[in-house]
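Enquirer: fold the following.
(chains A, B, C, D, E and F)
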Number of protein chains: 6
Amino acid sequence: MFYKFFQSVDKYLSFPEAKAHCDIPCGIYDPAPAQIAALTVVRMMDLMTALEQGEEKGRLEYHNTLTRYIAVKEEHAEKAKHEIRVIWGDYIKDTHLEKHPDLTMLVHQIMQLGSNCKQTINREHGLAFVDAINQFAEIFWLTKNVKTKKAKAPYAPGLEMFYPDL
Amino acid sequence: MFYKFFQSVDKYLSFPEAKAHCDIPCGIYDPAPAQIAALTVVRMMDLMTALEQGEEKGRLEYHNTLTRYIAVKEEHAEKAKHEIRVIWGDYIKDTHLEKHPDLTMLVHQIMQLGSNCKQTINREHGLAFVDAINQFAEIFWLTKNVKTKKAKAPYAPGLEMFYPDL
Amino acid sequence: MFYKFFQSVDKYLSFPEAKAHCDIPCGIYDPAPAQIAALTVVRMMDLMTALEQGEEKGRLEYHNTLTRYIAVKEEHAEKAKHEIRVIWGDYIKDTHLEKHPDLTMLVHQIMQLGSNCKQTINREHGLAFVDAINQFAEIFWLTKNVKTKKAKAPYAPGLEMFYPDL
Amino acid sequence: MFYKFFQSVDKYLSFPEAKAHCDIPCGIYDPAPAQIAALTVVRMMDLMTALEQGEEKGRLEYHNTLTRYIAVKEEHAEKAKHEIRVIWGDYIKDTHLEKHPDLTMLVHQIMQLGSNCKQTINREHGLAFVDAINQFAEIFWLTKNVKTKKAKAPYAPGLEMFYPDL
Amino acid sequence: MFYKFFQSVDKYLSFPEAKAHCDIPCGIYDPAPAQIAALTVVRMMDLMTALEQGEEKGRLEYHNTLTRYIAVKEEHAEKAKHEIRVIWGDYIKDTHLEKHPDLTMLVHQIMQLGSNCKQTINREHGLAFVDAINQFAEIFWLTKNVKTKKAKAPYAPGLEMFYPDL
Amino acid sequence: MFYKFFQSVDKYLSFPEAKAHCDIPCGIYDPAPAQIAALTVVRMMDLMTALEQGEEKGRLEYHNTLTRYIAVKEEHAEKAKHEIRVIWGDYIKDTHLEKHPDLTMLVHQIMQLGSNCKQTINREHGLAFVDAINQFAEIFWLTKNVKTKKAKAPYAPGLEMFYPDL
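Expert: The predicted model follows:
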C-alpha cells in the first residue's frame, strides 16, 4: 500500500479556492492534442509506405524525405505519450480510478503501443495506438460529464475518433 | 514583388505524388492546439486575478503560485503564436491568400495580441487573442470545406469557440 | 480489458535479436536521474525557506533568486515525473506488473506527489516524493536482480537513497 | 479589417517608459541569427552533395553522416523561420507595414522557402531562402535607420549577405 | 596528460575530405549569437532597474514584467554559455590552444561570469560577461584570419562590440 | 591573464549565506547523468553494429531503426558534453583548477571526443569518451572528499565506471 495518506487533490492549474467536493472542472485538460499526435503517427507510416512504393528518386532526396517522416513519427508518438501521462498523472484522481479500474492499465498499454509505433512502421500498431487513445478520451470526457460522439477526423488518415459532442 | 517564381506547393508532410490540383487535404493541420493554448492564456489571467483577491497566503506560496501562472501564460501565448505561424506559413498558399486577402493581416494581429497577452494580465487582450484565433480557425476550416459551428469550450473559461462540425 | 493482444516486448533500445526469454538487461534504464531530480526539489524548498529567513536583500535581488529557485523546482519535479514515466512505460512489462501489483499505483502517486511539489513549497511533499521514487528505484533494481543498499546522498539535502550495490 | 483597435505598441522587451513616438530602438532584434541559420541550410546541402560524390564509406558511416546533415538542415531552416516570425510578429508594427507593403508577403515567402529547404536538397531553394532573408534584413535595418552593406559571409558557403554597416 | 592520442580533427560540419593541413575554415561558427545573448543580459538588468525606479504599477503587472525579465536574462546567459562552449569545444583545436594559451581560462571565466549574471542583477557582472565574450570573439576571428573592428551595437545597451570587418 | 578579478564564488544553487571559505558542498552536482549518457553512446554504436550484422529486414524498418539509433547517439553525446560543461563551468573554481591543473584540458578532450562520437560509429571513440568522463568523475568526487570505487555498470555495455563509494 503506497501513500494512501497523500490523496490531497492535485491542484495544478485549479482555482485556489477549489473545494474537495468541487464538481466543476477547473483545469484545461483536453485529449485532442494526443489524438492529433496519434493520427500523425499513422499518417507518417502511410507516407513511408507510399514513398517506398512511389517512383524512384535520387538517394539523397529519398533519405531526406524518409528521415523527416521517421523524425515526425517519433516526435508525435512521444508527444502523445506525454500528453496522456499529463492527463492521467495530473487530472485523474483516485476517485476516478475507483470508477474506471482499467484506466491505469490502459495508460500502460498506451505507453507500450507508443513504443511499438516508434520502433516499427507497422500500421496495426498505429491503429491500436489511436484506438487506445480514443478509449482514453472517451473515459476522460465521461469523468467530466461531457457527451462524446464518433466522427471521422477531417484529415488523412481520416480515422474514426472520439470527440466531445459540444 | 517578391519571389513570384517560388510558388511551388509547400509539400511538407504531403503525399509525394500530390498534384497541383489535389483537392484532398494531405497534411495534418488543426487549429485546435492554438485554440486550447489561447484559452489557457485567459484562464491564467483569471487565476492570477483570483489569487490576488483570495485570502492571504505566505509570501513564498504566493510567489510560487504566481510565477507558475505567469510561466504557463507565457508558454501558451508563445505556443499559440507558433501554431498559427506553422499553419499560415506551411499550409496557406497564395491561392488561399487571394480568396482571403485579410488573412495575413489577421495573422500579424495574432502575433501582436500574443505579445500583449505576454506583457500584461489584461483580460481584454486575452479575449481578443482567443477571438482572432477563432477567426483564423473559421477561415482555415473554410479552405478545407469543413463546416464549423460555435460552441462553448468544455472547460474554464468556457468561451465560445469555432469547432469543425464533424 | 485492454489490448491484451499487444503484449509484445517493448524493444526500445534493445538488441534486435533479443529473445522473449532474454535475461540480460538490454536497455539502459536507470532511476538515478529521477532520484537526483527529486532531491533537487527538496533542495530548492530548503533554499527558499533559507532565503525567506535570511537577511533582507533588495527587492530585485530577492525576486531574481526566488524565481530561479521556483523554476528549478518546477523543472526538476517535471523531470522526475518524466523519467519515471519512461521507465514504467517503456521498460516495465505486464510480467513485472504481475509480480509487483502495486507498482502502477505507486507511479500514479509519484505523478500526484510531483504535482504537489510543483504547487507548494511544503517539504513534506518533497520528502514523500523522494520516498516514493526511492521505492520505485528499489523495485526497479529488483526486477533486474541488482542488489540495492541505502546510503545518504553525497550532497544536500543528504537524504537516504536507494542505490544499486555494485 | 481585423483588430484595428489593437494597435498599441508591442512593448516586449522595450523600456516601460517608451512613448508612442519613441524613435529609439528599444528591443534587441537582429536578423543575424536567421541569416546564419539560412547559410547553414545551404552549407548542409553542399555537404550532402559532397558526401554523395565522395569516395564510398561503410553504410553505417554514410547514414550517420547523412542523417546528421539532414537534421542540421531541418533544425536551421526551422530556426530561420522562427527568428523571422519573431521579428515580424513582435517588432514590425502597422506603421512599418504601411511603408513596406510587400514585407508581409516576403515573410510568407520565407516560410514557404523554408519548407522547400526542409523538403529537398535543392540548392536553388537554399539560395532563394538566403536571398529572401537578406531582403528582410535590409528592410529591417532600414526601419532602424541603420545603413547596410553587402559582404561575403566569412565562412562557407561564403554567400553575399546584408550586414549593418557599423 | 590526457588523451594526447585523440588529437584527430573535430570534423563536425566540416567537409568530409578536409585534410589535416586544411587552412580553409569549413564549419559555420560565429560568436555573434553569443554576443547578442550577452547584450540581452545587460539589457534585462537595465530594464529591471528601470522597472524598479519607474512609477508604481499593480502588483500582478509588476511581477508579470519582472518575472519575464528574469526569465529572459536567465535564458540568454545560458545561451551565451552554450554557444561559447560549442565554439571552444567543437572548433578550437590543440593547435589553437598552443597559440592562445589563455583561451581556455577565458572560457572558464565566461562560464563563471554567466553564472554571476544569472544570480544577480549586478550590471558590472553583465559588462564583464560582454567584455569576456568580446575577447573570445576577437581571438576566434584571429584564428580565421578575419580582421575585426570595434563598433557600437545598433541597439540598447549599445555597448562596444568586436565585429568581423567584412 | 583574464579576469583574475572575477573570482567570486559561483553561487548557483548554493546557500545564500555560503562563505568564501565554505567547505560544505552546497549545490547538487553529480556526474552520473553524464556517465549514463556516455554509456548510451557506446550502446548505440553496439546496436548499430548488431543491426548491420543481423538478418536482413525491410528497407523502411532498417532505416527506422538505424535513424533512431543515430538520433539517440547524437542526443546523448550532446547531453554528456552539456553535463560536463555545467559541472566544470559552474562548480569548478580556480582553487580546484590549481590542484588539478590538467582538468580543463580533460574537459576540452571530452568535448572533442563527444564530437568524434557524434561523427562516427567508431567504438574506440565511444570507449575513450566514457573513459575521459570517468576520469572527470573521479576528480569531481575527489574535490568533494567522497571516496570512489570502480564497478561494472549494471546494464549493457557493462563498462567499468567510477562511482562514489557511499
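Enquirer: in the helix or strand A:Phe136 falls within, what counts as buried?
Expert: Using DSSP states H and E, A:Phe136 falls within helix A:123-143. Residues of helix A:123-143 classed as buried: A:123, A:125-137, A:139-141, A:143 (neighbour count, 16 or more other CB atoms under 10 Å in any protein chain shown). Every C-beta, even on glycine, is put in place using the N, C-alpha and C of the backbone.
Enquirer: do that helix and chain C come into contact?
Expert: Yes: contact between helix A:123-143 and chain C, assessed by CB under 8 Å from any CB of the partner chain, occurs at A:His125, A:Ala128, A:Ala132, A:Gln135.
Enquirer: want to throw these into JSON lines with pLDDT?
Expert: Output for the residues of helix A:123-143 next to chain C, formatted as JSON lines (pLDDT from 0 to 100):
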{"residue": "A:His125", "pLDDT": "98"}
{"residue": "A:Ala128", "pLDDT": "98"}
{"residue": "A:Ala132", "pLDDT": "98"}
{"residue": "A:Gln135", "pLDDT": "98"}
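Enquirer: poorly predicted segments of chain A, please.
Expert: A:1-26 (pLDDT under 70).
Enquirer: would you mind finding the longest helix in it?
Expert: Using DSSP state H to define each element, chain A has its longest helix at helix A:59-86.
Enquirer: which helices and strands sit right next to the helix or strand that that one is followed by?
Expert: Remark: after helix A:59-86, the chain's next helix or strand is helix A:94-99, criterion DSSP H and E. Under the contact criterion of 3 or more CB pairs under 8 Å, 6 or more residues apart in numbering or on different chains; DSSP states H and E, helix A:94-99 touches helix A:103-119.
Enquirer: cutoff 10 Å now
Expert: helix A:103-119, helix A:123-143, helix C:103-119 (3 or more CB pairs under 10 Å, 6 or more residues apart in numbering or on different chains; DSSP states H and E).
Enquirer: tell me which of those helices lies nearest to D:Thr65.
Expert: helix A:103-119 (23.0 Å; CB to CB).
Enquirer: only alpha carbons, please: show that closest one as PDB.
Expert: Output of helix A:103-119 as PDB, limited to C-alpha atoms (Å, rounded to 0.1, in the frame of the first residue of the first chain):
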ATOM      1  CA  LEU A 103      -7.900   3.100 -16.800                       C
ATOM      2  CA  THR A 104      -4.300   2.700 -15.500                       C
ATOM      3  CA  MET A 105      -3.800  -0.500 -17.400                       C
ATOM      4  CA  LEU A 106      -5.000   1.300 -20.500                       C
ATOM      5  CA  VAL A 107      -2.500   4.100 -19.900                       C
ATOM      6  CA  HIS A 108       0.300   1.500 -19.500                       C
ATOM      7  CA  GLN A 109      -0.800  -0.100 -22.800                       C
ATOM      8  CA  ILE A 110      -0.800   3.400 -24.500                       C
ATOM      9  CA  MET A 111       2.900   3.800 -23.400                       C
ATOM     10  CA  GLN A 112       3.800   0.300 -24.800                       C
ATOM     11  CA  LEU A 113       1.900   0.900 -28.000                       C
ATOM     12  CA  GLY A 114       3.600   4.300 -28.400                       C
ATOM     13  CA  SER A 115       6.900   2.400 -28.100                       C
ATOM     14  CA  ASN A 116       5.800  -0.100 -30.700                       C
ATOM     15  CA  CYS A 117       4.900   2.800 -33.100                       C
ATOM     16  CA  LYS A 118       8.300   4.300 -32.600                       C
ATOM     17  CA  GLN A 119      10.100   1.000 -33.200                       C
END
